[in-house]
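J.: With the input below, show me the fold.
(chains A and B, ligands or ions: 1)
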Amino acid sequence: MTRPSTALKGETSDPAVSAPQDADLSLMLMIRAFELKLLDLYGRGLLNGTTHTCLGQEYVPVAVEALLDPRDHVFSNHRGHGHYLARFRDPAGLLAEIMGREGAVCAGVGGSQHIHRDRFLSTGVQGESLPVAAGVALHLKRSEPGRLACVYVGDGTFGEGAVYEAFNIASLWGLPLLVVVENNGIAQSTPTTRHLAGSIAGRAAAFGIDHRLVETSDVTEIRRTLEPLVSRVRSRATPLVVEFVTRRLGPHSKGDDTRPVRALEEMREQDWYARCAAACPGRFPRLDAEARAHIDAVAAEVMARGPSQWEGS
Amino acid sequence: MRVAENLNAALAALLAREPNLYVLGEDVVDPYGGAFKITRGLSTDFPDRVLSTPISENAITGVAAGLALAGDLAIVEIMFGDFAALAFDQLFNFASKSVSMYGSRLPMRMVVRCPVGGGRGYGPTHSQSPQKHFVGIPGLALYELSPFHDNLAVFEEMFAREEPCVFFEDKVLYTRRMGAVEPPFSVEISGGVARVSLDGPPDCVIIAPGGVAHRALAAMRSLLVEEEIACTLLVPSRLYPFDPPDLFDAAVRAARRVFVVEESTAGGTWGAEVAHLVHRRHWGRLDLPVTLIHSPGGVIPTAAHLERAALVNESTIHSTIRGTLRG
Ligand SMILES: Cc1ncc(C[n+]2csc(CCOP(=O)(O)OP(=O)(O)O)c2C)c(N)n1
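T.: Have a look, this model is predicted:
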């Protein structure tokens, strides 16, 4: 079974795949370093509760965020660190939130899954935010035409009825709703083949909603493809489903990964990290070292802070 | 003026005054105007803000939460309050939590209107009083329609809380008149609680929200005439958090015997919450433990005679009070 990896190695050095700009690469590396740091802190017993890392999926919000305006609303989910960091580039505020330290974005109340800042909001119940995002899109359509509500959702969440209630309303009412599906092939421990009948494209089609499948992790190419589609969400106020075929490299939350080692290895070979390392051998090690050093410094600084204060409410 | 007209006028006044208020619900637009006609005329005057939705209780409530999040105001009509079960997640895990779970207070101005209660033969899934299932959720306030409380003021109060509210509307009230009590009773309102009383000291206090208030009043009249038992009735507008005004405590002190009436079936009820509060505040001076009067447990049948037997009514209230006070 060496064929897949050989084929993939060929892909990573494909000259047609463009190397990311420094800024994008640095951001992706920063998110990666952040998530690895969280797993490390967990391993050392320094984090309370649980958290879900977006290892392998970092490029999705990095690609998408560049298509958004700060006045667009973003709805994130349980796997939302990348979404937050791509929007605010604030690892200290997020880590303080996750660790309950001073300077926490939400005073340590929300933790990893419940973050609200400006027009960004995440929550921990699967599917719940789609109707809410539709409501915000309704507001935007009337009060701020040209703005949109972007909601991130996993493949497993397509089991929830709220998703379809929101699809129906968004399509009927012509709401500027951008649904970004991170299809990483698994929901907690259940593979997509065991939880999703039909396809996400078919479900979007059932509601008359445009769907675009994105299989590459090349942020420049992703933006080139999506830019006109996202503009149409704004100008015509219609919903759009963008489905990313992506990979969850890490465990679901802390250490709960039951997938075979071999499958994980194959995913690592297809990972954007390996592809970028191969595509830009000169600057990659330097930018990666910078990102890790930055997150090391942030973590050391945040861990030295006192506990977060909450007035209660 | 009938209660339904007062409610309709309140919604119209709010839509006229608040350019960012939406009214959402199934079949709420004209000419239908909602299953109970409460929204009649509103979509004609405000077509872009009074919207008929698909049959999607979860999504409608979520959409309202999204509007509230973006700074708008929203009123949702759940066609029958029983179906609020389908919106429970949006209320319990999203709208109410959002007020505080992000570390600083996030105003959420939204009201979910729930027509509730039996007496109209709609059967087991269209006649319940689900108030008790929503009691005690942090950040979620519960109100109940009453003939004694002007609805415009009640809605103003709900929005001023800046947290999601559920407004229970007993369907049997829609056709009743606002505010009417006949002599020798008189009514006085203070701090959101209406007090219906006689001159002179009462033998007991009855606490009954809007949907059962008229049944309690009828029982008060027969208790007075037949038994010379004098009752004071307290009708709160807000059910939860239950934080009654001084008038309430004064009435309890004067009577020392308290009954709570609700249409909900027994078990983990709003009345139990009120009894707990009264006991905590007044235990030493009560003659009796607070007595709860509610519908017997069980589904609510459709047939009129069976439905009547299943719901708390004037005679249940009368006999419980007489039996408790006279033995
Ligand atoms: C309503 C609800 N049910 C169950 C869960 C527990 N849970 C959290 S994440 C998750 C899997 C979600 O899978 P998917 O949508 O594919 O996203 P992914 O984790 O793969 O990013 C589950 C079952 C939840 N948070 N909410």
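J.: For the helix or strand harbouring B:A218, list every residue counted as buried.
T.: Following DSSP states H and E, one finds B:A218 within helix B:210-222. When neighbours are counted by 16 or more other C-beta atoms under 10 Å in any protein chain shown, the buried residues of helix B:210-222 are found to be B:G210, B:G211, B:V212, B:A213, B:H214, B:R215, B:A216, B:L217, B:A219, B:M220, B:R221. Using the backbone N, CA and C atoms, a C-beta is placed for each residue, glycine as well.
J.: try stretch A:272-289
T.: Across stretch A:272-289, burial judged by 16+ other C-beta under 10 Å covers A:W272, A:Y273, A:A274, A:R275, A:C276, A:A278, A:A279, A:C280, A:F284, A:L287, A:D288.
J.: before we move on, back to that, save the buried residues of helix B:210-222 as JSON lines, and put in distance to chain A and pLDDT too.
T.: Output for these, formatted as JSON lines (distance: C-beta to the nearest C-beta, whole Å; pLDDT from 0 to 100):
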{"residue": "B:G210", "distance to chain A": "29", "pLDDT": "97"}
{"residue": "B:G211", "distance to chain A": "29", "pLDDT": "96"}
{"residue": "B:V212", "distance to chain A": "33", "pLDDT": "98"}
{"residue": "B:A213", "distance to chain A": "33", "pLDDT": "98"}
{"residue": "B:H214", "distance to chain A": "37", "pLDDT": "97"}
{"residue": "B:R215", "distance to chain A": "37", "pLDDT": "98"}
{"residue": "B:A216", "distance to chain A": "36", "pLDDT": "98"}
{"residue": "B:L217", "distance to chain A": "39", "pLDDT": "98"}
{"residue": "B:A219", "distance to chain A": "41", "pLDDT": "98"}
{"residue": "B:M220", "distance to chain A": "41", "pLDDT": "98"}
{"residue": "B:R221", "distance to chain A": "45", "pLDDT": "98"}
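J.: sorry, back to before: which among the buried residues of stretch A:272-289 gets closest to B:A9?
T.: A:W272 (59.9 Å; C-beta to C-beta).
J.: What backbone torsions are found at that closest one?
T.: With angles defined as degrees, to the nearest 10, A:W272 sits at phi -60, psi -30.
J.: Contact partners for it?
T.: Contact analysis of A:W272 by C-beta atoms under 8 Å, 6 or more residues apart in numbering or on different chains lists A:M28, A:G56, A:E58, A:Y59, A:S217.
J.: what does the stretch 51-200 of chain B put close to chain A?
T.: Neighbours of chain A within the stretch 51-200 of chain B, by C-beta under 8 Å from any C-beta of the partner chain: B:51, B:53-54, B:56, B:58-72, B:74, B:89-90, B:93-94, B:97-106.
J.: Now do B:P209 against the ligand, distance only.
T.: Distance, B:P209 to the ligand, by C-beta to the nearest ligand atom, to the nearest Å: 33 Å.
J.: Strands of the stretch 51-200 of chain B, residue ranges please.
T.: B:73-77, B:110-116, B:141-144, B:165-170, B:186-190, B:193-197 (DSSP state E, counting those that start in this stretch).
J.: go on, chain A?
T.: Taking DSSP state E, the strands of chain A run over residues A:73-76, A:116-117, A:120-122, A:149-154, A:177-183, A:186-187, A:190-191, A:210-214, A:240-245.
J.: residues touching the closest residue to chain B within chain A, list them.
T.: Closest approach of chain A to chain B (C-beta to the nearest C-beta) occurs at A:G135, with a separation of 2.1 Å. A:G135 sits next to B:G62, B:V63, B:A64, B:A65, B:G66, B:L67, B:A68, B:L69, B:A70, B:A74 when contact means C-beta under 8 Å, 6+ apart.
J.: rerun at 10 Å
T.: Neighbouring residues of A:G135 by C-beta atoms under 10 Å, 6 or more residues apart in numbering or on different chains: A:149, A:166, A:169, A:175, B:22, B:24, B:59-70, B:72, B:74, B:90, B:110.
J.: likewise A:L240?
T.: When contacts are counted by C-beta under 10 Å, 6+ apart, A:L240 touches A:148, A:150, A:170, A:176-180, A:204, A:209-212, A:226, A:229-230, A:232-233.
J.: is it in a bridge, and if so with what?
T.: Beta-bridge pairing of A:L240 under DSSP bridges involves A:L178, A:D210.
J.: Give me the pLDDT for it.
T.: A:L240 is assigned 98 on the pLDDT scale.
J.: What separation is there between it and the ligand?
T.: On the measure of C-beta to the nearest ligand atom, A:L240 and the ligand end up 19 Å apart.
J.: Check A:V153 too.
T.: Separation of A:V153 from the ligand (C-beta to the nearest ligand atom): 6 Å.
J.: Now for B:G123, how many residues are close by?
T.: Neighbourhood size, B:G123 [other C-beta atoms under 10 Å in any protein chain shown]: 15.
J.: One more: A:L85?
T.: Neighbours of A:L85 using other C-beta under 10 Å come to 24.
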